[in-house]
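Colleague: Here is a sequence together with a model predicted from it:
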Amino acid sequence: MSKQEIKIYSSNVIKKAGKKLIENNQDEESLEILSSWRSEHAYPLEKAVELVRSIANEIDRNSIIAKRLKRTASIIRKLERYKDTMKLSTMNDIGGCRIVLSNQKKVNKFIKFLTSSSIFKLRKDYIKEPKKDGYKSVHLIGEFANSEGQIRKIELQVRTKIQHSWATALEIVDLFTQQSIKTNMGDAKWSSFFKHTSHQFGLLENNDFINSNNIKLSYQKFIKDFREVESKE
């Protein structure tokens, strides 16, 4: 991706624009500043994805990587939701990427490499301590230079295929039922369903077939364990 000229605003100007957008999300000047600030994360995001992909290829060639710049509407909604604590100038997930790995072992290996080399810093481990709604993923923050050489924060989410299936299902339900379960603003029954489903999916994470690279040996172990249990009954 070629470096693109972007108008650079000071941190104080960006912060003020964020406050204005909470009061009036149609303020043209503030929207222009937000657009510029958002664009500043495009080049750092590309560099982050390039790095993540190179590491992932060594750990899991079946990994899936996605990237996005947070939509303007989503940025404003987040500012409104956390108006007492969130500032536009310090929002650390405007540029974000996600990697989905085959199983938990590969997730752990991938994160260990990133954090031990100080490429990314651990922000929150929602796999060890899932959110109340059942959400599981590890969030990390990395710092990459923009087109002007200024450091911008990029968020990286790491999860397994099973955890990603759960998150995708929740987003689909949110879309078709026009609610927002993932921001704790959904129907209580749906929230309960996804919380319990997350628990069940968690049990799958320990399944030998999923965590083993050798399905044949895994199956043989399963048969051996099954026969041992059966002989005791």
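Modeller: Perfect, I can see it now.

Colleague: Give me the pLDDT for Glu143.
Modeller: According to the model's per-residue confidence, Glu143 sits at a pLDDT of 95.

Colleague: If I follow the layout properly, it ends up in contact with Leu156?
Modeller: No. Applying C-beta atoms under 8 Å, one finds Glu143 not in contact with Leu156, separated by 11.5 Å. Backbone N, C-alpha and C define where each C-beta goes, glycine included.

Colleague: So the two - more neighbours on which side?
Modeller: Neighbour comparison, Glu143 and Leu156: the larger count goes to Leu156, with 28 against 15 (by other C-beta atoms under 10 Å).

Colleague: which one is that one nearest to, not counting chain neighbours?
Modeller: Counting by C-beta to C-beta, 6 or more residues apart in numbering, the nearest residue to Leu156 once its immediate chain neighbours are dropped is Leu140, at 4.6 Å.

Colleague: what are the phi and psi angles of that neighbour?
Modeller: Backbone torsions for Leu140, taken as degrees, to the nearest 10, come to phi -130, psi 160.

Colleague: Contact partners for it?
Modeller: Taking C-beta atoms under 8 Å, 6 or more residues apart in numbering as the criterion, Leu140 is in contact with 111, 114-115, 120-123, 155-158.

Colleague: residues touching Glu171, list them.
Modeller: Lys182.

Colleague: doesn't it fall inside a helix?
Modeller: Yes. Using DSSP: H, G, I helix; E, B strand; the rest coil, the assignment for Glu171 is a helix.

Colleague: how close does it sit to Thr183?
Modeller: 11 Å (C-beta to C-beta, to the nearest Å).

Colleague: Repeat that for Lys161.
Modeller: Here Lys161 is placed at a distance of 24 Å from Thr183 (C-beta to C-beta).

Colleague: Looking at those two, which is more packed in?
Modeller: More neighbours surround Lys161 than the other of Lys161 and Thr183, with 16 against 12 (other C-beta under 10 Å).

Colleague: Was I right to think the more buried one contacts Gln104?
Modeller: No. Applying C-beta under 8 Å, one finds Lys161 not in contact with Gln104, separated by 10.2 Å.
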